[in-house]
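Participant: Build the 3D model from these lines:
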Amino acid sequence: MNIETARMNMIEQQIRTWDVLDQDVLDLLEIVKREDFVPRSYKSLAFVDMEIPLPGGEYMFPPKLEARLVQDVAASAGDRVLEIGTGSGYLTALLAHRAAQVVTVEIAPELRELAADNLARAGIVNVETQLGDGSRGWEPAGLVDILVVCGSIPIVPDSLLNQLKIGGRLWAVVGDEPIMSAQLITRVTQGAWEPVSLFETSIKPLRNAAHPPRFEF
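Facilitator: Model prediction:
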């Protein structure tokens, strides 16, 4: 396999056709080497339109979803990002290239270690990898400009919304099977948020995600 040809085919045939047209994002996919974040046994599938298995029953997003997410949140050089669910660290690396700092929280120790090693090898120094449960937010990170949830959630808890600065954006896949949608929620004032539904998709649920209260009769 010619890696650079496979990478270009991924960009042109999968990602650009999925409405990822921001040239800076497309260029970034050439800079950050996805194959370096894929488990060794799946390296031949690094550029295939599929979820790639990770330790502990988790998965990397398909390439087009990663690219679309990066385009949607539109991180800039001064932004502070909180990522819930580190996985292999690839999405973390993409966000780190566009933002000032990324704090990423992973509940599984083996994935936190894997991601930290991958990011170190890639020479990325503006990331803090934390071990813990970020399903209700991550208080040590403080208020952030961008919050990314790397697992589906039935509802968006107030604890996540309140971790955004005014003007900050939260990206999450919200809902339950079979209906989930990627949403971008912007905090417009201290007590108001503006949600936008971006597209329908389906991803693995976030561990320990908040659920709506059940009514008992």
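
Participant: Verify the stated contact: residue 29 with residue 8.
Facilitator: No: under the criterion of CB atoms under 8 Å, residue 29 makes no contact with residue 8, lying 9.5 Å away. Bear in mind the C-beta positions are built from the backbone N, C-alpha and C, glycine included.

Participant: the more surrounded of these two?
Facilitator: It is residue 29, of residue 29 and residue 8, that has more neighbours when counted by other CB atoms under 10 Å, with 21 against 14.

Participant: Make sure the more buried one is indeed in a helix.
Facilitator: Yes: assigned with DSSP: H, G, I helix; E, B strand; the rest coil, residue 29 falls within a helix.

Participant: Quick one: residues contacting residue 91.
Facilitator: For residue 91, the contact set (CB atoms under 8 Å, 6 or more residues apart in numbering) comprises 61, 66, 69, 70, 83, 148, 150.

Participant: rerun at 10 Å
Facilitator: Each residue near residue 91 by CB atoms under 10 Å, 6 or more residues apart in numbering is listed here: 32, 37, 60-61, 65-67, 69-70, 83, 85, 102, 104, 115, 148, 150.

Participant: try residue 58
Facilitator: Residue 58 neighbours (CB under 10 Å, 6+ apart): 51-52, 85-88, 106-108, 110-111, 150-151, 204, 207.

Participant: Next: residue 94.
Facilitator: 25, 28-29, 31-32, 34, 37, 66-67, 69-70, 75, 102, 124.

Participant: Now do the shared contacts for residue 29 and residue 8.
Facilitator: Joint contacts of residue 29 and residue 8 (CB under 10 Å, 6+ apart) are residue 47.

Participant: Residue 92 sits in which helix or strand?
Facilitator: Assigned by DSSP states H and E, residue 92 falls within helix 90-98.

Participant: can you pull the contacts of the residue nearest to the spatial centre of the chain?
Facilitator: Centroid check for the chain by CA atoms, centre = their mean gives residue 150 as the closest residue, at 4.7 Å. Residue 150 is in contact with 58-61, 66, 69, 83-87, 91-92, 104-106, 134, 171-173, 203-204, 206, counting by CB under 10 Å, 6+ apart.

Participant: Swap in 7 Å and give it another go.
Facilitator: 83, 84, 85, 87, 91 (CB atoms under 7 Å, 6 or more residues apart in numbering).

Participant: Per-residue confidence at it, what does it come out as?
Facilitator: On pLDDT, residue 150 comes in at 98.

Participant: same deal with residue 211?
Facilitator: Predicted confidence (pLDDT) at residue 211: the value is 89.

Participant: Quick check on it: phi, psi?
Facilitator: phi -120, psi 150 (degrees, to the nearest 10).

Participant: That one contacts residue 154, correct?
Facilitator: Yes: between residue 211 and residue 154 there is a contact at 5.1 Å, judged by CB atoms under 7 Å.

Participant: Neighbour count for these two, which is higher?
Facilitator: residue 154 (15 against 11).

Participant: surely that one meets residue 213?
Facilitator: No: with contact defined as CB under 7 Å, residue 154 does not reach residue 213; the gap is 11.2 Å.

Participant: Tell me where this structure is predicted with low confidence.
Facilitator: Counting by pLDDT under 70, the chain shows low-confidence ranges at 1, 215-217.

Participant: biggest strand in it by residues?
Facilitator: Of all segments of type strand in the chain, defined using DSSP state E, the longest is strand 164-176.
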